[in-house]
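Chemist: I would like the atomic coordinates for the input below:
(one chain, ligands or ions: 3)
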Amino acid sequence: MEVRARAPGKIILAGEHAVVHGSTAMAAAIDLYTYVSLGFPTPNENDDTLKLHLKDMDLEFSWPVGKIKEVIPDLGSVTVSSPTPCSLEIARAISILVEEHKIPEAKVGLASGVSAFLWLYTAIHGCKPAKAVVTSELPLGSGLGSSAAFCVALSAALLALSDSVNLDFSHQGWQVFGESELELVNKWALEGEKIIHGKPSGIDNTVSTYGNMIKFRSGELTRINTNMPLKMLITNTKVGRNTKALVAGVSERTLRHPSAMSSVFNAVDSISNEMASVIQAPVSDDLAITEKEEKLEELMEMNQGLLLCMGVSHASIETVLRTTLKYKLSSKLTGAGGGGCVLTLLPTLLSGSVVDKVVSELESNGFQCFTAGIGGNGMEISFTGFS
Ligand SMILES: Nc1ncnc2c1ncn2[C@@H]1O[C@H](COP(=O)(O)OP(=O)(O)O)[C@@H](O)[C@H]1O
Ligand SMILES: C[C@@](O)(CCOP(=O)(O)O)CC(=O)O
Ligand SMILES: [Mg+2]
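Modeler: Ligands and ions are numbered 1, 2, ... in the order given. Take a look at the predicted model:
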């Protein structure tokens with residue numbers, strides 16, 4: 001008896017960081033997914049442990065359920081239907097459980113992901129044996145929302161095997177949740193993101209849950225309908241960074257310069273709203289598309305300038321910007337910045353040979369370039385082992 005859930009990563013087209021401070025942002029799901037398989041042992045397997053296997057990293061974590069019960073104080077007040085933040089007391093207990101396992105120094109960032117797993121698992125299922133296996137097509141810690149995809153897929157798998165959702169177990173292949181179940185997944189995923197990000201805006205888990213392209217402000221999403229083909233080159237600088245630290249850095253700058261930063265956030269809000277209007281306006285012919293792309297390019301450049309004001313660019317990002325500009329292409333960082341990924345708009349009429357040249361120049365700098373489908377599905381689940 002096993003459920004498999006998958007949730008997509010995302011690109012932020014405009015408004016990262018500012019969205020944490022109440023500005024509008026635009027994001028779209030990409031067709032790279034994180035997968036979580038979850039199953040409970042049968043009684044004759046006689047297995048009394050909770051296991052987490054991070055397959056790509058070749059890391060296995062295992063906790064006897066007796067130990068979890070002993071370390072985590074009363075979970076009695078936590079209810080599946082009303083997601084709540086992990087209390088300080090439980091967070092301390094969870095870190096004891098995580099620290100029992102030696103995580104290699106180079107992968108120490110995973111500790112917060114493992115903590116999010118322990119919180120979501122125990123909050124939804126209590127102290128019960130199970131095995132979860134995680135794989136991902138997303139680069140971790142690169143601005144493509146791997147943390148949210150992980151929390152969304154995990155919450156979906158956990159809720160699918162809880163009594164709180166009604167699902168068709170006989171359905172073959174991927175299926176989607178109903179509206180109220182999606183809302184519950186999104187709320188639990190946000191609680192997981194809080195453990196990883198500190199102060200998430202909720203945009204990443206929301207776009208990963210619902211898919212498509214969204215405009216997001218203060219917890220509210222608006223779905224964006226568009227027939228505009230949008231192609232972005234994604235360049236991973238491969239410079240590692242941590243969203244939590246970058247988000248905290250912007251908040252500190254905001255405390256030091258409240259008035260200036262508030263103007264920056266207002267400008268970003270206008271950019272995101274204008275971008276949404278441009279993307280949603282109907283496309284009629286090639287000229288209209290080129291005009292729209294030019295507007296988007298300008299908005300991306302303006303947003304990048306404001307991200308520089310927030311202090312979240314990086315030398316590697318600046319190198320990508322300079323390189324793409326040589327080919328008259330516009331770029332901006334996506335996600336938390338400080339390294340990670342950069343988006344470059346690839347206009348519809350751009351020749352393939354220019355794309356090849358810019359990619360080879362970027363790759364000669366040690367960066368990795370790829371494209372991904374934009375605006376696809378949100379989280380989905382599938383069951384195996386049910387007759
Ligand atoms: N597949 C995964 N397995 C375990 N932890 C994960 C996974 N994906 C993401 N995480 C957690 O999320 C962190 C990266 O999140 P973050 O810094 O927000 O970057 P991003 O969300 O852009 O990839 C990882 O260090 C890890 O703690
Ligand atoms: C910087 C921020 O706007 C996006 C972070 O995205 P990512 O974790 O870098 O993929 C933070 C947030 O909105 O929670
Ligand atoms: Mg993240």
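Chemist: is it fair to say residue 318 lies in a helix?
Modeler: Yes - assessed by DSSP: H, G, I helix; E, B strand; the rest coil, residue 318 belongs to a helix.
Chemist: Next, count neighbours for it.
Modeler: Residue 318 has 15 neighbours, counted by other Cβ atoms under 10 Å. Backbone N, C-alpha and C define where each C-beta goes, glycine included.
Chemist: neighbours of the residue of the stretch 1-150 of the chain found nearest ligand 1, just the number please.
Modeler: The stretch 1-150 of the chain approaches ligand 1 most closely through residue 113 (2.4 Å), counting by Cβ to the nearest ligand atom. Neighbours of residue 113 under the rule other Cβ under 10 Å: 24.
Chemist: who does the helix or strand containing it touch, helix- and strand-wise?
Modeler: Counting by DSSP states H and E, the element that carries residue 113 is helix 110-125. Applying 3 or more Cβ pairs under 8 Å, 6 or more residues apart in numbering; DSSP states H and E, we find helix 110-125 packed against strand 49-54, strand 59-64, helix 88-99, strand 130-136, helix 146-160, helix 179-197.
Chemist: can you rerun that using 10 Å?
Modeler: strand 25-39, strand 49-54, strand 59-64, helix 65-71, helix 88-99, strand 130-136, helix 146-160, helix 179-197 (3 or more Cβ pairs under 10 Å, 6 or more residues apart in numbering; DSSP states H and E).
Chemist: what residues are up against the most centrally placed residue in the chain?
Modeler: By Cα atoms, centre = their mean, the chain has its centre lying nearest to residue 145, at 2.3 Å. Neighbouring residues of residue 145 by Cβ atoms under 10 Å, 6 or more residues apart in numbering: 7-12, 27, 29-30, 32, 34, 138, 151-152, 193, 203-205, 207-208, 243, 334-336.
Chemist: re the thing from before, do you know which of the helices and strands packed on helix 110-125 lies nearest residue 304?
Modeler: Closest of these to residue 304 is strand 25-39, at 14.1 Å (criterion: Cβ to Cβ).
Chemist: So which bits of the stretch 1-150 of the chain are right by ligand 2?
Modeler: Applying Cβ under 6 Å from any ligand atom, we find that the stretch 1-150 of the chain lies next to ligand 2 at 16-17, 19-20, 143-145, 147.
Chemist: let's go with 8 Å and repeat that
Modeler: Residues of the stretch 1-150 of the chain lying near ligand 2 by Cβ under 8 Å from any ligand atom: 9-10, 12, 15-20, 25, 141-148.
Chemist: contacts with ligand 1 among those, please.
Modeler: Counting by Cβ under 8 Å from any ligand atom, the members of these near ligand 1 are 9, 141-148.
Chemist: From the residues you listed, list just the buried residues.
Modeler: Among these, the ones that count as buried by 16 or more other Cβ atoms under 10 Å are 9, 141-148.
Chemist: Now render the residues you listed as TSV, adding pLDDT.
Modeler: Formatted as TSV, those follow (pLDDT from 0 to 100):
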residue	pLDDT
9	98
141	96
142	97
143	98
144	98
145	98
146	98
147	98
148	98
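Chemist: of the residues you listed, closest to residue 266?
Modeler: Closest to residue 266, out of all of those and judged by Cβ to Cβ, is residue 143, at 23.4 Å.
Chemist: Now do the contacts for the closest one.
Modeler: So residue 143 contacts 9-12, 16, 204, 234, 236-237, 241, 243, 246, 317, 333-343 (Cβ under 10 Å, 6+ apart).
Chemist: Checking my notes, residue 343 in a strand, right?
Modeler: Yes - per three-state DSSP, residue 343 lies within a strand segment.
Chemist: wait, does the helix holding residue 113 contact ligand 3?
Modeler: No - with Cβ under 5 Å from the ion as the criterion, ligand 3 is not reached by helix 110-125; the gap is at least 10.0 Å.
Chemist: and that helix, which residues are buried?
Modeler: 110, 112-125.
Chemist: Let me see the mean pLDDT of the host helix or strand of residue 299.
Modeler: For residue 299, the host element (DSSP H and E) is helix 286-310. The average pLDDT for helix 286-310 rounds to 94.
Chemist: Could you do stretch 190-199 as well?
Modeler: Here the average pLDDT along stretch 190-199 is 96.
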